[in-house]
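>>> Everything below, folded, please.
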Amino acid sequence: MTTPTCLITASTGIGAETAKILASRGTHVFVMSRTESNLHTLAQEIRNAGGQCDYAVADVTRGDMVEAAVEQCLNITGRIDALFNVAGISGSKYCDGPIHACTESGWDKVMSINVKGMFLVCRAVLKQMLEQEPDSYGIRGSILNMSSVLGISPMPAHFVTHGYAASKGAIISMSRSMAGYYARHKIRVNVIAPGLTETPMAGRAVQNETICDAMKNKQPLTEGVMDTSSVAESAAFLLSHESRAITGDVLIVDGGWCVMG
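Numbers count the residues shown, from 1 in each chain. You can find the predicted model right below:
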């Protein structure tokens, strides 16, 4: 059986944890991000554990860099069975905020990375998936796009980056439309929407004692901020053959956030 390949657009946080899980289960992981030092560290960790990992430095907002990275992946692996589209920013340091205070540049920055970047990566990967032969399960590929619980369920007392929330809602709409179109081509498209998770991007929030205390009630299943493995295990499922009949789904992994009012 041919070794499956998964392309992941993150070298830290949930993306990195998912890469480790998939590699430990026999998937050849190809990682792309802007920071070569993080890529190198992740690749060495996976290789030292006996897994397969290659990488490319790329800015997801640059179509030419995305196309080159995907081409590099194909030159090494021959096909792309799965894509985990993770790359994104929170927006707070770019002057994203409540709409009346959000700057135009902050809005544009968040939309460029979180939405345009995801579009560019999906476009490059779909060109390949549409051309490749279905696998032994009859599937050409699986795409998992990263959204957020904040694109579904606001928490205005602590999270007021409205550009970020809009970008994560846009990802859900885009992904569900994609799922409807590409299903007949045997390509699955799903979304994962995590609650507050201990990642580098969430550093401001997870270091805030007030927010962490609030999360004990908001995310009671995990008794607070989630660790990356809580989300990565679910992501690995949606990227694997175990979920081969699932498409157009939004999997909310939030420790109870959405049902806690």
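
>>> What ranges in this structure fall below the confidence cut-off?
Within the chain, the segments meeting pLDDT under 70 span 1, 202-203.

>>> Where is the longest helix in it?
Determined from DSSP state H, the single longest helix within the chain is helix 162-182.

>>> ok, E17 - contacts?
228-229, 231-232 (C-beta atoms under 8 Å, 6 or more residues apart in numbering). Quick note: C-beta positions are derived from backbone N, CA and C, even for glycine.

>>> quick one on the thing from earlier: now do the buried residues in the longest helix of the chain.
162-172, 174-176, 178-179, 182 (16 or more other C-beta atoms under 10 Å).

>>> Contact partners for the closest residue to I99 other than its chain neighbours?
Closest residue to I99 apart from its sequence neighbours, by C-beta to C-beta, 6 or more residues apart in numbering: H162 at 5.0 Å. H162 makes contacts with 96-99, 102, as judged by C-beta under 8 Å, 6+ apart.

>>> Out of the residues you listed, grab the one that's most surrounded.
Neighbour count (other C-beta atoms under 10 Å) singles out D96 as the most crowded of these, with 27 neighbours.

>>> mind listing the helices for the stretch 101-250 of the chain?
104-111, 117-131, 162-182, 203-206, 209-218, 228-239 (DSSP state H, counting those that start in this stretch).

>>> okay, these, which one's buried deepest?
helix 228-239 (a mean of 21; mean count of other C-beta atoms under 10 Å).

>>> Give me the distance from it to the chain's centre.
On the basis of C-alpha atoms, centre = their mean, to the nearest Å, helix 228-239 is displaced by 10 Å from the centre of the chain it belongs to.

>>> Now do it: which elements does it pack against?
helix 13-24, strand 82-85, strand 141-146, strand 187-194, strand 250-253 (3 or more C-beta pairs under 8 Å, 6 or more residues apart in numbering; DSSP states H and E).

>>> Redo these as TSV? Include distance to H158.
Output for these, formatted as TSV (distance: least, C-beta to C-beta, whole Å):
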stretch	distance to H158
helix 13-24	20
strand 82-85	26
strand 141-146	21
strand 187-194	16
strand 250-253	18
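
>>> Could you say which of the ones you listed is packed most deeply?
Taking mean count of other C-beta under 10 Å, strand 82-85 is the most buried of the helices and strands packed on helix 228-239, at a mean of 28.

>>> Relative to it, what are the paired strands and their orientations?
On the basis of DSSP bridges, the sheet neighbours of strand 82-85 come out as strand 5-8 (parallel), strand 141-146 (parallel).

>>> Grab the CA positions of it and hand them over as CSV.
Listed next in CSV are the C-alpha coordinates belonging to strand 82-85 (Å, rounded to 0.1, in the frame of the first residue of the first chain):
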residue,chain,number,x,y,z
ALA,A,82,-4.9,15.2,2.7
LEU,A,83,-4.5,18.9,3.5
PHE,A,84,-4.7,20.4,7.0
ASN,A,85,-5.1,24.2,6.4
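
>>> Contacts for that strand next, please.
4-10, 15, 18, 27, 118, 121-122, 125, 141-146, 235, 239-240.

>>> re earlier: could the contacts of E17 go into JSON lines alongside distance to G248?
Formatted as JSON lines, the contacts of E17 follow (distance: C-beta to C-beta, whole Å):
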{"residue": "T228", "distance to G248": "25"}
{"residue": "S229", "distance to G248": "26"}
{"residue": "V231", "distance to G248": "20"}
{"residue": "A232", "distance to G248": "22"}
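
>>> so which pair among these is furthest apart in space?
The largest separation in the contacts of E17, counting by C-beta to C-beta, is between S229 and V231 at 7.5 Å.

>>> Relative to L144, how far out is the residue nearest the centre of the chain?
Residue closest to the average C-alpha location in the chain (C-alpha atoms, centre = their mean): V86, at 2.4 Å. For V86, the distance to L144 equals 9 Å [C-beta to C-beta, to the nearest Å].

>>> Over to L150?
For L150, the distance to L144 (C-beta to C-beta) stands at 18 Å.

>>> Cheers, nothing more for now.
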